[in-house]
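S.K.: no sequence on this one, just coordinates:
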């Protein structure tokens, strides 16, 4: 007798549960003898927005593709809702949104046809949301996709990723071809998704100004590893630049937690990562006493921090 | 209930967004724009208005709740409490220390003597007392 599908299928993923939505454990991937991913540990909780930073070629796109099971890994584990990404079934995939760096749309289809084609795969597809976004984001509904501008195609890709009301949204450089107005609109839509569905979001982007607006966590990729993975507020509270003016700084001058030091004829410019925000005052007082220095503490933007960490 | 337009956010500032919100609430209380009994706009409202992560707003609000600036009224929101001195004298002094250190640094750069700084500060303090 043939097995009939049960009417009571298991529930679709939701972010009511507490465990991590996405997890990497010692994830590794090699390309031509080079470890592009060299033991990545990462975890993403419901409702969290994680910004992934790194130079070009740091392996960000490879990491995202391995996490999603689109590219096989050479070691370690990638888990989505606790299931290895490589073995994801239709159920786990049904509430997963992905915006890839390059799109493989059928160029002869129109956005409207694309929407009805894609929506068929997703039981939670929100047709009203999609319709509203297409209108507001001025995506030409009945023009062939091959003739859309890069910005229009990108906006369409984002709409398609938001369509299933994802509980996990992964975006690879989503803002690269968008103007500031469109970027702001995308940020609004992502925040809306987080507020209503507790969506866990992973965004790789070079646009630090977008990330520092919405991310609660940032991870820096460097040399195939996650160099820093931390709460964004805490990062800004603890990474500071000290402008130190002193006549006599010793050759071996160093400060605990120093990330970068640039010697100047009349002192030094030092970027530090403190263990606690409150340490700044103590450190400044100590430097003033010890070197008769004038010390001014500068707060740093995420871009400044990225540059200091990446040096 | 005040609108979320009360707040502004500068994400690229080195000051974390949750701290910017905390500072603005404290300033508005100090200036009388927010009074005890007023409610803060909801987390969702602020997040939408400023287009920032709701978690950032909740973090600011819970910090304000922890230090006794606001209280959570179930089902209604965050209510401003009557102003009170927050923390021990030592804690409050520690909070002021970085500002004073900047004064010291500027004084040295401008070649203003300690006595001159103190007299200038004294004048400012008494001006404020009489206001």
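M.R.: Thanks, I have it. Computed from a predicted structure; not experimentally measured.
S.K.: of all of chain B, which residue lies closest to chain A?
M.R.: Closest residue of chain B to chain A, C-beta to the nearest C-beta: residue B:14 (2.4 Å). Just so you know, the C-beta spots here come from the backbone N, C-alpha and C atoms, and that holds for glycine as well.
S.K.: correct me, but that residue touches residue A:236?
M.R.: Yes - Residue B:14 lies in contact with residue A:236 (C-beta atoms under 8 Å); the separation is 5.9 Å.
S.K.: Please enumerate the shared neighbours of the two.
M.R.: Shared contacts of residue B:14 and residue A:236 (C-beta atoms under 8 Å, 6 or more residues apart in numbering or on different chains): A:299, A:300.
S.K.: Can you tell me how far the residue of chain B closest to chain A is from residue A:271?
M.R.: As judged by C-beta to C-beta, to the nearest Å, residue B:14 and residue A:271 stand 12 Å apart.
S.K.: give the contact list for residue 47.
M.R.: No chain specified, so I'll use chain A. By C-beta under 8 Å, 6+ apart, residue A:47 lies in contact with A:15, A:194, A:198, A:199, A:200, B:54, B:55.
S.K.: please go with chain B instead
M.R.: A:191, A:195, B:53, B:54, B:56, B:57.
S.K.: So it, which state does it fall into?
M.R.: helix (DSSP: H, G, I helix; E, B strand; the rest coil).
S.K.: Just the pLDDT for it.
M.R.: Note on residue B:47: pLDDT of 89.
S.K.: Would you state the predicted confidence (pLDDT) at residue A:25?
M.R.: 96.
S.K.: and it, how many neighbours does it have?
M.R.: Residue A:25 has 14 neighbouring residues, counting by other C-beta atoms under 10 Å in any protein chain shown.
S.K.: Would you mind confirming that it is in contact with residue A:77?
M.R.: Yes - using C-beta under 8 Å, residue A:25 is in contact with residue A:77, at 4.5 Å.
S.K.: Tell me the buried residues in the helix ranked longest in chain B?
M.R.: Counting residues, the longest helix in chain B under DSSP state H turns out to be helix B:89-109. For helix B:89-109, the neighbour count (16 or more other C-beta atoms under 10 Å in any protein chain shown) marks B:101, B:104, B:105, B:107, B:108 as buried.
S.K.: Check stretch A:80-87 too.
M.R.: Applying 16+ other C-beta under 10 Å to stretch A:80-87 flags A:80, A:81, A:85 as buried.
S.K.: show me what contacts the last one?
M.R.: What that stands for is residue A:85. Going by C-beta under 8 Å, 6+ apart, the list of residues near residue A:85 reads A:66, A:67, A:68, A:69, A:78, A:79.
S.K.: ChimeraX command for the buried members of those residues?
M.R.: Selection of buried members from the contacts of residue A:85 for ChimeraX, criterion 16+ other C-beta under 10 Å:
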select /A:66,67,68,69,78,79
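S.K.: Closest one of the contacts of residue A:85 to residue B:119?
M.R.: When the contacts of residue A:85 are compared for distance to residue B:119 (C-beta to C-beta), residue A:67 wins out at 63.0 Å.
S.K.: Nearest residue to residue A:105 in space, ignoring adjacent ones along the chain?
M.R.: Computed as C-beta to C-beta, 6 or more residues apart in numbering or on different chains, the closest residue to residue A:105 that is not its neighbour in sequence is residue A:145, at 4.7 Å.
S.K.: So what's the predicted local confidence for the one you found?
M.R.: 94.
S.K.: right, and it touches residue A:156 too?
M.R.: Yes - in this structure, residue A:145 is within contact of residue A:156 by C-beta under 8 Å, at 7.2 Å.
S.K.: For those two, list the residues in contact with both.
M.R.: Counting by C-beta under 8 Å, 6+ apart, the residues touching both residue A:145 and residue A:156 are A:105, A:111, A:114.
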